[in-house]
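Chemist: Make a model of this:
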Amino acid sequence: MSVFTHVTVGTNNLAKARAFYDATLKEIGLKRVADLNAAGSIWGVDKPSFFVLNPANGSAATIGNGVTVSFEAPNRAAVQAFHTAALANGGVCEGLPGPRGWADNAFAAYARDLDGHKLAVYCFKAE
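Modeler: From the prediction side, this is the model:
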């Protein structure tokens, strides 16, 4: 059973966000599964799981202090590829790919997207 149905982050530039997430999420096996016209887009594997939307209230999108959206990668190479794609597409490094000591086999990387949302990508498989 999944704990969440989906996660949503806001954007202030949907066209740039679409390009950023198309490039980074493909590295971990996600694809854009729907566009909601000018409202946003949705990525997933076999169902919608990650939404990027223009805020419904018309205000600017802002980041959540202390919030991180973490994706699961199929392997360690995908963690590296996600991080590389994020930086190549305008993201900012928040933690280089490498082991994380809090869990067995935890291997992760962190980046911020174009709107400042903190993203992580994790693989828990042994090398």
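Chemist: CA atoms for contacts and neighbours, from now on please.
Modeler: Noted.
Chemist: what's in contact with stretch 86-95?
Modeler: Applying C-alpha atoms under 8 Å, 6 or more residues apart in numbering, the contact partners of stretch 86-95 are 19-20, 23-24, 83, 109-114, 118.
Chemist: List the neighbouring strands of the biggest strand by length in the chain plus their orientation.
Modeler: Longest strand of the chain, by residue count under DSSP state E: strand 92-99. Paired neighbours of strand 92-99 in the sheet (DSSP bridges): strand 107-112 (antiparallel).
Chemist: so how far is the partner strand off the chain centroid?
Modeler: Chain-centre distance of strand 107-112: 10 Å, with C-alpha atoms, centre = their mean, to the nearest Å.
Chemist: after that strand, next one along is what?
Modeler: strand 118-123 (DSSP states H and E).
Chemist: Quickly run through the sheet partners of that next one, with directions.
Modeler: strand 68-72 (parallel), strand 107-112 (antiparallel).
Chemist: per-residue confidence at residue 10?
Modeler: pLDDT recorded at residue 10 is 97.
Chemist: Next, it: phi, psi?
Modeler: phi -90, psi 160 (degrees, to the nearest 10).
Chemist: what bridges to it?
Modeler: residue 53.
Chemist: Run through the protein and note the low-pLDDT ranges.
Modeler: 1 (pLDDT under 70).
Chemist: on that earlier part again, so how do I select the buried members of the contacts of stretch 86-95 in ChimeraX?
Modeler: Of the contacts of stretch 86-95, the buried ones go into a single ChimeraX selection, burial set by 16 or more other C-alpha atoms under 10 Å:
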select :20,23,24,83,109,110,111,112,113,114,118
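Chemist: Right, I'll call it a day here.
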